[in-house]
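> with the sequence up front, the predicted model follows.
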2 protein chains.
Amino acid sequence: MKHQEIINRAIKAVHERTFYAQYPEHPKAYGDELLTKGQTDYEAQIGKAFTELLQTGETGQIGEENSPYSREDLGITYPTFAVEDLVNKAMTAQKTWRKIPIHQRADILVEALERSSKRFHEIAWATHHTTGQSYVMSFQASGPHAADRALEAIALGYHELGRFPEKVFWEKPLGRMSAKLEKTFKPIPKGIGLVIGCSTFPTWNTLPGLFANLITGNVTIVKPHPKSVYPIAIYVAEIQKLLAENGLDIHTVQLAVDGSNQLITKDLAEHPSIKIVDFTGSSEFGNYIESLPNKTIFTEKSAVNSVIVDSAKNLREIMRNLAFSVSLYSGQMCTAPQNFFIPASGVLDDDELIPYETVVDLFRNEVAALVLNPKMSAGTLGAIQSDATLERAQNANKRGGTVILPSPKVRHPYFATARLCAPTIIEVDADQADLYAQELFGPIVLVVKTKNTEESIEIAQKMATEKGTLTCAAYCTDNTKTATIIEVMNEAFVPVTLNLTGYFWVNQHASFSDFHGTGGNPAGTASYTDPQFVTKRFVWVGNRVSVV
Amino acid sequence: MKHQEIINRAIKAVHERTFYAQYPEHPKAYGDELLTKGQTDYEAQIGKAFTELLQTGETGQIGEENSPYSREDLGITYPTFAVEDLVNKAMTAQKTWRKIPIHQRADILVEALERSSKRFHEIAWATHHTTGQSYVMSFQASGPHAADRALEAIALGYHELGRFPEKVFWEKPLGRMSAKLEKTFKPIPKGIGLVIGCSTFPTWNTLPGLFANLITGNVTIVKPHPKSVYPIAIYVAEIQKLLAENGLDIHTVQLAVDGSNQLITKDLAEHPSIKIVDFTGSSEFGNYIESLPNKTIFTEKSAVNSVIVDSAKNLREIMRNLAFSVSLYSGQMCTAPQNFFIPASGVLDDDELIPYETVVDLFRNEVAALVLNPKMSAGTLGAIQSDATLERAQNANKRGGTVILPSPKVRHPYFATARLCAPTIIEVDADQADLYAQELFGPIVLVVKTKNTEESIEIAQKMATEKGTLTCAAYCTDNTKTATIIEVMNEAFVPVTLNLTGYFWVNQHASFSDFHGTGGNPAGTASYTDPQFVTKRFVWVGNRVSVV
């Protein structure tokens, strides 16, 4: 197997959970040539039909991507297909894909990532101008980080599929005789998968489910968000080309593009032949997906993320770290902190009691300083992906509570029309749950004034249990309180990141080391990549043959 | 750890899947003393309150066990408890049990099995006179086989809980700097488990879920079937005693006995604090359990099991094997074959074409010969557990189709009143699906006359997909057809047992080697013991601490 070494290293990394990356995250690591080529290829694609897909049965062309920076349509169109045709072709492809040896599946999938990695710059431009992420973030999130997450799914799938022996001889002593059986153990794929993408992370949230399906023998239909198709279309095209080169059915992976006014998501998800659904998006739609009977469902839905501030070593450094966390991609990360629980009694900073108002001031000032710094502003904030998020952010000052930082006016150095929006910070009281007990997707931050840290913890747990939480950042120098925060949040299946400062942020979940999502609270049922993320996609079946 | 070696051997056995048994299945392997003591203890318990449970808050006494042999009440009563009290005590116990180191949990659980193994004979008598199983089967199923299944769950749980490192140092290079984090990975238990037992296999179907819960840190309430409490009460009592010896909350495991007219199953299952439910029983109730929102559910429900007869080396030997399979415990095993698909064109027996009628004759004669053999009859058939099953079996001749073997009159050598009933064999046509497309629990066998093996396979798959199937026995000497049978049935997540003769039967699923249930078709969602049987009971959570 050509890629055995990559697989082996990845399996080891998944189990060791120390730092590991197959794909370097720095754009320059891929050489100047690819960097230039990526931009050229991107520019050549603008305004044209995307013709790289090999799948057949096209019924028309559709495309509605629009740059959050230039506000201009990308003018790229994609072929459309009838739902029944997509499903029928998937069913035919499934007949061969399920029988392909696991090592061959793994080889093809790793090779698809290797080839896609040559196009990370084009993927980055495509992501930049559909999601609004900064170029560097687009590169990292849609390129190396997404590919590493995909490799993680391949690796864990490969490991689990080989967990039990293919064949054993079983002999049970029965007095003078014995019963003799030859037993074979097969991981049988569940069927056809559907992966529903989101507009903000079109590849990072799609590749894990797609590659987990494929390694476990399940052909897959990818239904991207109509506003962010191009980045994932490149990955799908690369896989299809490899399938063709290997003489396999290219309909093993199909891209199912639709339009905002002609959505086919429900038709696909409800189709009885679709057995596995991966979804990233709102809780409302996610709950509907979870309610579909007789399907294996993985969701990542809305999350209300918490910051618990109790005590610190250097409060200013902490606030600088948090200011970046809330500003990065204008809070449009599922892992971005939203609710900052700060005790009215103040915060101990290296033995000095800092009054509540000063703590809030420090935070506000760091956010303002960051977003108003022309060297940092646009590159950190990126642009707002959708009009709906922009509208919510712009009206944040009207939702109640006390606006303590009106969204600072910011502008993009090149795109005057860019959907730019810096965070609004609103102060609310702990008893105003109606103001903070929901995800406010985008650049909206709530400072929740609590009686004390005990109340902060209590509310943070309640949010996790009732609304769902993906991340909790905590700042605490007291060992006993720290233990309580961790215990209480973990009990609600929320990971805690403690005392983070410097150049790493709570928003970041590292492939091969951090689980992204726990699957244990209403923020979703998926975890990238715990064993269940792959094992739920197939069934162990053991056959026995009498040996006489 | 006292029992590390047992755990290690069991983990190895689970992954090797060759023959392994921690507990010998022969009653005499435990010595004469225990054999005698078991019977004495059983007899001393009859007619009295069961006083071994240590749990508190008793509200009364209840007991309705009745021997399927003597038809007399056992007269044993068990304490009853209020549902809220059971749940509250479980919640308190959960606070400590979840924090106990995994190796200590494993030690206690293995020790509980070791101690219970000293009482296998008492458990056997208790099973014999509540389920109607023969003494030997009672001993094996409720004793060593159940304990081995429990050990399998402990072992796989122990392995999965240790799958990821407790603590790692993670350092990500960032140019001249690096991000440094200490990460800890914790398997967090989901909460309180409820294990709902059945009347025919009161320990074999209860221990896997119970021990899987306990090893993964979830305290458990065991709700036995009111007609079969005594066998599982012994295991629960042994665990409670060990908990007490170790200074732990004895309410970590509670027995919740109810009465047929005051069932508390739904109150428990629907309770929001119950997070995990294991259920064995009818599809009707199982489907209700599966529909409960926000719970992790494991079910084993009704199954329509198939036999596909195509061709053979020695048809008589095959029919002898199958006659035993359908007679064993009067077809009251979830794995017992029910629908025998036999082609109208006949069956090749070592190159000789045996006409359909002769094949059916051979089968009928072997069943009659077995159940009318006084040395075999009662010991094989056991007794019918419930009046409902007896009534169904006695009226089988009125359900349609052609009765080709009216249930032969059989009698028990000691118990004139025993609920004994030998199989009825009914012949139906392939197009009479209404007569065979459902589980007919008990001694009812259907011979389904098909056009050919292709039709047999097609119907068997349809039954699996629509009604659920746990086992498929196939007889075929043609390699191509064999491959098709295996592929088609495996696609419906049904294991195939091929060409079985001699002293092993399709009904038998061996611990550490055979998966019992695949969880992939309507026969249930549980598989003893695939990795998901333990991993679904906890959630991986990773915490991170900044290292400066």
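That came through, no problem.
> residues touching the most centrally placed residue in chain A, list them.
Central residue of chain A (Cα atoms, centre = their mean): residue A:205, 3.5 Å from the mean position. Taking Cβ atoms under 8 Å, 6 or more residues apart in numbering or on different chains as the contact definition, residue A:205 lies against A:197-198, A:280, A:300. C-beta coordinates here come from the backbone N, C-alpha and C atoms, glycine included.
> what distance do you get for it to residue A:326?
When distance is defined by Cβ to Cβ, to the nearest Å, residue A:205 is 20 Å away from residue A:326.
> and what of residue A:535?
In this structure, residue A:535 and residue A:326 are 36 Å apart, going by Cβ to Cβ.
> contact residues of the stretch 1-150 of chain A facing chain B?
Counting by Cβ under 8 Å from any Cβ of the partner chain, the residues of the stretch 1-150 of chain A lying close to chain B are A:15-19.
> any of the residues you listed buried? List them.
For those, burial is judged from neighbour counts taken by 16 or more other Cβ atoms under 10 Å in any protein chain shown, and it is met by A:17, A:19.
> which residues touch the residue nearest to residue A:426 when sequence neighbours are not counted?
The shortest distance from residue A:426 to any residue other than its chain neighbours is 4.1 Å, reached at residue A:401 (Cβ to Cβ, 6 or more residues apart in numbering or on different chains). Counting by Cβ under 8 Å, 6+ apart, residue A:401 makes contact with A:426-428, A:432, A:435, A:446.
> keep only those of the residues you listed that are in strands.
Secondary structure defined by DSSP state E assigns A:426-428, A:446 of these to strands.
> mind checking the longest strand of chain A?
Within chain A, and with DSSP E defining each element, the longest strand by residue count is strand A:177-189.
> and which of the ones in strands among the contacts of residue A:401 is nearest to chain B?
residue A:446 (23.3 Å; Cβ to the nearest Cβ).
> neighbours around the closest one, how many?
Residue A:446 is surrounded by 24 other residues when neighbours are defined as other Cβ atoms under 10 Å in any protein chain shown.
> look up how far residue A:341 lies from the closest residue to it other than its chain neighbours.
If the residues on either side of it in the chain are set aside, residue A:446 comes closest to residue A:436, at 4.6 Å by Cβ to Cβ, 6+ apart. For residue A:436, the distance to residue A:341 equals 9 Å [Cβ to Cβ].
> and for the two, which residues touch both?
Overlap between the contact sets of residue A:436 and residue A:341, as judged by Cβ under 8 Å, 6+ apart, is given by residue A:448.
> picking that back up, out of the contacts of residue A:205, which one sits closest to residue B:480?
Top of the list for closeness to residue B:480, among those and by Cβ to Cβ, is residue A:197 at 42.4 Å.
> and the closest one, how far from residue A:277?
Taken as Cβ to Cβ, the span from residue A:197 to residue A:277 is 12 Å.
> who has more neighbours, these two?
More neighbours sit around residue A:197 than around the other of residue A:197 and residue A:277, counting by other Cβ under 10 Å; the figures are 28 against 24.
> list the residues that contact the more buried one.
For residue A:197, the contacting residues are A:205-206, A:222-225, A:228, A:232, A:280, by Cβ under 8 Å, 6+ apart.
> at 7 Å instead, please
A:205-206, A:222-225, A:232, A:280 (Cβ atoms under 7 Å, 6 or more residues apart in numbering or on different chains).
> which ones among those map onto strands?
For those, secondary structure assignment (DSSP E) places A:222-223, A:280 in strands.
> what's around the residue of the stretch 151-300 of chain A found nearest chain B, how many residues?
As assessed by Cβ to the nearest Cβ, chain B sits closest to residue A:179 within the stretch 151-300 of chain A, at 3.6 Å. For residue A:179, the number of neighbouring residues by other Cβ under 10 Å comes to 19.
> what do you get for residue A:305?
For residue A:305, the count of nearby residues is 28 (other Cβ under 10 Å).
> how close does it sit to residue A:474?
Relative to residue A:474, residue A:305 is positioned 12 Å away (criterion: Cβ to Cβ).
> show me the common contact partners of the two, please.
Common contact partners of residue A:305 and residue A:474 (Cβ under 7 Å, 6+ apart): none.
> who has more neighbours out of residue A:535 and residue A:326?
A side-by-side neighbour count of residue A:535 and residue A:326, using other Cβ under 10 Å, places residue A:326 first with 29 against 23.
> in the helix or strand harbouring that one, what's buried?
Here residue A:326 sits within helix A:315-327, counting by DSSP states H and E. By 16+ other Cβ under 10 Å, the buried positions in helix A:315-327 come out as A:315, A:317-327.
> and what of stretch A:350-362?
Neighbour-count burial for stretch A:350-362, with 16+ other Cβ under 10 Å as criterion, is recorded at A:354, A:356, A:359-360, A:362.
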